[in-house]
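J.: Got a predicted model here, sequence first, then my questions.
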Amino acid sequence: SVQNKVQNFLGQIAKLIQIKATLASPQSRQTMFVLRRLPLCTLPARRLFASGRVICPPEDPAQPDGSKSENLAAPQINALVQGAINEQINSELFASHTYLSMSYFFARSGVGLMGFSGLYRSMSQEEQSHADALAKYLLKRNGAVELNTIKKPATCSWANIGTTLNETVRLENCVSESLSTLYRLAEKHNDVVTTDFIVTEFLNEQIESIREVNLLIARWRTLEKTPNGVYLLNRELEHKFKA
């Protein structure tokens, strides 16, 4: 009927007036700014906005001292944490170079312990992959990768198996300690993303690596008392690693 059409028309006008008043508010302008950045696939959000029922995200709650809470997942990494990660990259690369030196020594024609060579080549590649992972993480956090000079290994002769294994566990402990220092620094700066990254990607693996080296040392202490102990251990390693 004509009366119903008039009522519908008046209702639409009232709704348009309500939407116009809503859009004129500062809160709605802020919401429009946010919604313009929503992907096109978020149609429910855009329809909600178009309907006039605009919902703005709540303000960041203030802390007891009046300050706003810090963004724990800020894309830009703290400068001190970035510097510590770059130092960790250098530590990983130094360990990688040292293990590579060990691998090359055991592969010499006059040594021929290819099991040991394969073990240390694998360990070198693992440390290299750790350095790569840290560098990629820095880039993901809008940081800058700064490669420093890598010290040369203390020696290029690793003829003493016991000394070599002890140096291996010392290196692993040094890497673990520097990772722990990095973790504490990130924690101090409320960087929960970095602390989680360090624990899940590195510290748990370091525990296992140190355990494996200690088991290898214990195995060597048993075999070194036998005439062919070094060759027996080398044969065991050959089954696990290929140089």
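T.: Done, it's in. Numbering: from 1, shown residues only.
J.: pLDDT of the helix or strand in which Y99 is found, averaged?
T.: Element membership of Y99 [criterion: DSSP states H and E] is helix 79-106. Averaged across helix 79-106, the pLDDT comes to 97.
J.: Who are the packing partners of the helix or strand that that helix is followed by?
T.: Downstream of helix 79-106, the next assigned helix or strand under DSSP H and E is helix 114-140. Packing partners of helix 114-140 (3 or more Cβ pairs under 8 Å, 6 or more residues apart in numbering; DSSP states H and E): helix 79-106, helix 161-188, helix 229-240. All C-beta spots, glycine's among them, are computed from the backbone N, C-alpha and C.
J.: how does it look with 7 Å?
T.: For helix 114-140, the packing partners by 3 or more Cβ pairs under 7 Å, 6 or more residues apart in numbering; DSSP states H and E come out as helix 79-106, helix 229-240.
J.: sorry, back to before: quick check: angle from the helix holding Y99 to helix 161-188?
T.: 170 degrees (axes from the mean of the first three to the mean of the last three Cα atoms, to 10 degrees).
J.: Of all the residues in helix 79-106, which ones are buried?
T.: Neighbour-count burial for helix 79-106, counted by 16 or more other Cβ atoms under 10 Å, picks out 81-82, 84-86, 88-106.
J.: where are the low-confidence patches of this structure?
T.: The chain contains residues with pLDDT under 70 at 1-74, 242-243.
J.: what's near enough to touch S101?
T.: By Cβ atoms under 7 Å, 6 or more residues apart in numbering, the contact set of S101 is 153, 156.
J.: no no, Y120
T.: Residues near Y120 by Cβ under 7 Å, 6+ apart: 99, 102-103, 106.
J.: okay if I get the helices and strands packed on helix 114-140 as a markdown table plus distance to L223?
T.: Converted to a markdown table, those look like this (distance: least, Cβ to Cβ, whole Å):
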| stretch | distance to L223 |
| --- | --- |
| helix 79-106 | 16 |
| helix 229-240 | 3 |
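J.: Domain map for the protein?
T.: Dividing the chain into domains by automatic domain parsing, as the record does, gives the ranges 2-50, 79-240.
J.: Check those domains for me and report the most buried one.
T.: Across these, averaging neighbours per residue (mean count of other Cβ atoms under 10 Å) puts domain 79-240 on top, at a mean of 17.
J.: Show the end-to-end separation of that one, please.
T.: 42 Å (Cα to Cα, to the nearest Å).
J.: again with stretch 106-118
T.: Termini of stretch 106-118 sit 9 Å apart (Cα to Cα).
J.: what comes into contact with that stretch?
T.: Contacts with stretch 106-118, where a contact means Cβ under 7 Å, 6+ apart, come from 103, 105, 120, 234-238, 241-243.
J.: so which of those comes closest to C156?
T.: F105 (6.5 Å; Cβ to Cβ).
J.: Looks like the closest one contacts N160 (just checking).
T.: No - the pair F105 / N160 is not scored as a contact, 11.0 Å apart, by Cβ atoms under 7 Å.
J.: N142 versus A79, what's the distance?
T.: The gap separating A79 from N142 is 12 Å, by Cβ to Cβ, to the nearest Å.
J.: go on, S117?
T.: In this view, S117 and N142 are 40 Å apart by Cβ to Cβ.
J.: Over to N90?
T.: N90 is 21 Å from N142, where distance means Cβ to Cβ.
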